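Peer 1: below are the sequence and a predicted model for it; my questions follow.
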Amino acid sequence: MAPRAATLITLITLTALTALAALAAGCTATNEDYCADDTACLALGQVCHDEGHFCHKPCVKDDDCSNPAAPGYLASRPFCNPTSGDCVSLAPDAGVVDGAPPPRKNGEACGKDGQCSSGHCVSSVCCDTACDGASSCTGGQVTGPTCLTGACQTSTNSCNGYTCRSAGDTCRTTCSAKSDCSGTFECVGQDCVNELAPGAYCGTNPKACKSGFCVDQVCCDTACDGACESCGLTGSAGVCTLVPAGQDLDKDCKGASAACDGSCDGAGACSYPDATTSCGALSCKTSTLTTPVCDGKGGCVDQTASCSPHRCDGGGTACATGCADHSGCVSASACDRRLAHADTKGLGDCVDTAKIITVGPTEEIAAALTKLTSAKPYLVVPSGTYVTPLSISGVTAHLIGKGTSSSPVTLDPSATGPAVIVGDGSTVSIQGLTIDGATGSAGHGVQCTPLTSAALVLLEDQITNNTGIGIGSDKCDVTVRRTVIQSNQGGGAKLTGGKLVLESNLITNNGKSGPAGSALGGLEINSSAGSSTFVNNTVADNYVLTGKTAGIICTGAAVLRNSIIYGNIGAAQLSGCSTEYSDVQGGVSGTSNISADPKFDATYRPQEITCHDSGLTTATGITTLDLANNPRVKGSGVDMGAYEVK
């Protein structure tokens, strides 16, 4: 082989010709790729396959010979002799002659049987025999054939803490329980271990630790069983250490719910969320709101609070924040709706019960008024009929009737004269009352005529069937909202000498007609002494002395907007008034006024479509509610008159 190798090395340096493809199978003499020996392959820098008779590249590593896919593969020649490029049967070494290395002696290192002169490579050592006799294992020691020096012999060795396999032939190499380990060894994970030092992994087995303490899955120097102590902190594993503030590695500070879970405070104790942290769903029943909150000790407790003066909202999860009527308030309170017109939902507010005086079962309103103070300015009036006229002077008094449509609060005075007199220095509001039946030439419903000044608010009232004027004022700031002024013989209202606000009111069937008729029909307003707002009112079917204006008489700069003045019996509907976006019988000048018959129904809601969506939505004083406490705008714009129809 040596001369052939020398020739090959020489020829590899020559200019290579175009290589012929090596065949995957053997060739015959009639095939153009057939080679009898290396001579036919030398020009290609290749060698001839001994059995396949085709040219192929010489080998450079064992894989070129042992890989079945290699062109030069022969199962009997798995090693490469890089010097010759031939595949050989034995691994080459320094003494290779023609690819056949000298055999290795017993006791020398080996990788395969073929490298040993004995033909036996046992545990990476050439051995005199196959040394494959049976082994036995008892008491954590295995006895069997070994070949450590090249001669097969019997020896006994420890299982290094493991017990013998159930078959009794070899040692276990893993464990799943203490029984798989021998002596003092303990099973941790899948390993048998013994007397581990602090910081070593011990799972949950304290017996594996020299200290006898397995904490946080490592051997620990102490029991480390106090709150907020850990033996597994980074940098101090195996040493019991206080857990830093804000952490809770071992869940020592677990609360009754996740929201109430605490954390360590850095000093060996737990810190828990307090009552500012909610730990459950809110619920509200009647007027009591229940809020589950953390108690600062890891618990979750119910914290209750009264919604008073409000009740719970309709969803049952919160206190109401406003009231549409008295049912939205606790029984001892009442719904004050003076600011409902400005609320986006049209809601009033329940009155603090500490500010209320309630008229007693047999008590007159007049008597209860004397009990009002600056701390208790609200007078709640239950359903019933009261007969004593009211005189209010120099105080703040807010009267709220708690009646219903079937059982109203009615003031029907038995004496002649005004039903209600508001005197100097008073601030008075009256809501939810029917003021009815005042008699005599001065039998007015409400009279506010102070010497210097006073303020009066009439809200959601019925002022009806009085022999005098429904409302009369002078030097008094008067606000009238969502109120019906009807069938008062002396006329609807005469308001002079103060700031005036009239919004969403129905003024109808007031006054008397004919030669003996009343001097006032629907309304007279004098705004020369102050500003006036007149918006979304209906003034209809009022009567007056022959030759007089039956609807509205204006003095000053009053402008009527979004209103209906129609069907009033007299010489004219209006006198001295400016109007905009209103329906006035007979027609008047002004922006966007109409003169169509409103076609009232029985409640004075206009059915004429030209009255619908035809008002000025941005008019001064317009509010969120109509006379019936319905939303003011229903369609594309605001309607004319006291009611919002479409």
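Peer 2: Received it, and whenever you're ready, just let me know what you need.

Peer 1: ok, residue 58 to residue 42 distance?
Peer 2: Distance of residue 58 to residue 42, computed by C-beta to C-beta, to the nearest Å: 11 Å. Every residue, glycine included, has its C-beta placed from N, CA and C.

Peer 1: have a look at those two and say which one is more surrounded.
Peer 2: The neighbour count for residue 58 versus residue 42, taken as other C-beta atoms under 10 Å, is higher for residue 58 (23 against 20).

Peer 1: for that one, phi and psi?
Peer 2: Dihedral angles phi and psi of residue 58 (degrees, to the nearest 10) take the values phi -70, psi 160.

Peer 1: pLDDT weak spots in this protein?
Peer 2: When residues are selected by pLDDT under 70, those of the chain lie in 1-33, 45, 50-52, 71-72, 83-84, 90-102, 528-529.

Peer 1: can you show me the helices along it?
Peer 2: 2-12, 63-66, 365-369 (DSSP state H).

Peer 1: which residues sit against the second one?
Peer 2: Under the contact criterion C-beta atoms under 8 Å, 6 or more residues apart in numbering, helix 63-66 has outside partners 57, 59, 70, 72-74, 77-80, 87-88.

Peer 1: columns neighbour count and distance to residue 489 on top of the residues you listed, output as a markdown table?
Peer 2: Converted to a markdown table, the contacts of helix 63-66 look like this (neighbours: other C-beta atoms under 10 Å; distance: C-beta to C-beta, whole Å):
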| residue | neighbour count | distance to residue 489 |
| --- | --- | --- |
| 57 | 17 | 131 |
| 59 | 25 | 132 |
| 70 | 16 | 127 |
| 72 | 23 | 133 |
| 73 | 18 | 130 |
| 74 | 17 | 135 |
| 77 | 20 | 136 |
| 78 | 19 | 132 |
| 79 | 22 | 134 |
| 80 | 25 | 133 |
| 87 | 25 | 135 |
| 88 | 23 | 139 |
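
Peer 1: out of the residues you listed, which one sits closest to residue 507?
Peer 2: Nearest to residue 507 among these is residue 70, at 114.6 Å by C-beta to C-beta.

Peer 1: so how far is residue 401 from that closest one?
Peer 2: Using C-beta to C-beta, residue 70 is found at 110 Å from residue 401.

Peer 1: show me what contacts the residue most central in space within the chain?
Peer 2: With distances taken as C-alpha atoms, centre = their mean, residue 281 lies nearest the centre of the chain, 12.7 Å away. Going by C-beta under 8 Å, 6+ apart, residue 281 touches 292, 317.

Peer 1: quick one: terminal-to-terminal distance for stretch 400-412?
Peer 2: Counting by C-alpha to C-alpha, to the nearest Å, you get 16 Å between the two ends of stretch 400-412.

Peer 1: residues contacting the closest residue to residue 404 other than its chain neighbours?
Peer 2: Spatial nearest neighbour of residue 404, excluding adjacent residues (C-beta to C-beta, 6 or more residues apart in numbering): residue 383 at 6.6 Å. Residues counted as contacts of residue 383 (C-beta under 8 Å, 6+ apart) are 401-404, 407-409.

Peer 1: what's the ChimeraX line that selects buried ones from those?
Peer 2: Buried members of these, defined by 16 or more other C-beta atoms under 10 Å, are picked up in ChimeraX with:
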select :401,402,403,408,409
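
Peer 1: residue 572: which of the contacts of residue 383 is nearest?
Peer 2: When these are compared against residue 572 (criterion: C-beta to C-beta), the nearest one is residue 408, at 35.3 Å.

Peer 1: circling back to that earlier point, now the contacts of residue 383 in JSON lines, with distance to residue 502?
Peer 2: Output for the contacts of residue 383, formatted as JSON lines (distance: C-beta to C-beta, whole Å):
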{"residue": "401", "distance to residue 502": "21"}
{"residue": "402", "distance to residue 502": "25"}
{"residue": "403", "distance to residue 502": "24"}
{"residue": "404", "distance to residue 502": "26"}
{"residue": "407", "distance to residue 502": "28"}
{"residue": "408", "distance to residue 502": "23"}
{"residue": "409", "distance to residue 502": "23"}
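
Peer 1: wait, which of the contacts of residue 383 is closest to residue 580?
Peer 2: Relative to residue 580, and with distances defined as C-beta to C-beta, the nearest of the contacts of residue 383 is residue 401, at 34.6 Å.

Peer 1: quick one: the strands in the stretch 1-150 of the chain?
Peer 2: Secondary structure of the stretch 1-150 of the chain (DSSP state E, counting those that start in this stretch): strands at 47-48, 55-56, 79-81, 86-88, 121-122, 125-126, 136-138, 141-146.

Peer 1: I'm done for today, thanks for sticking with me.
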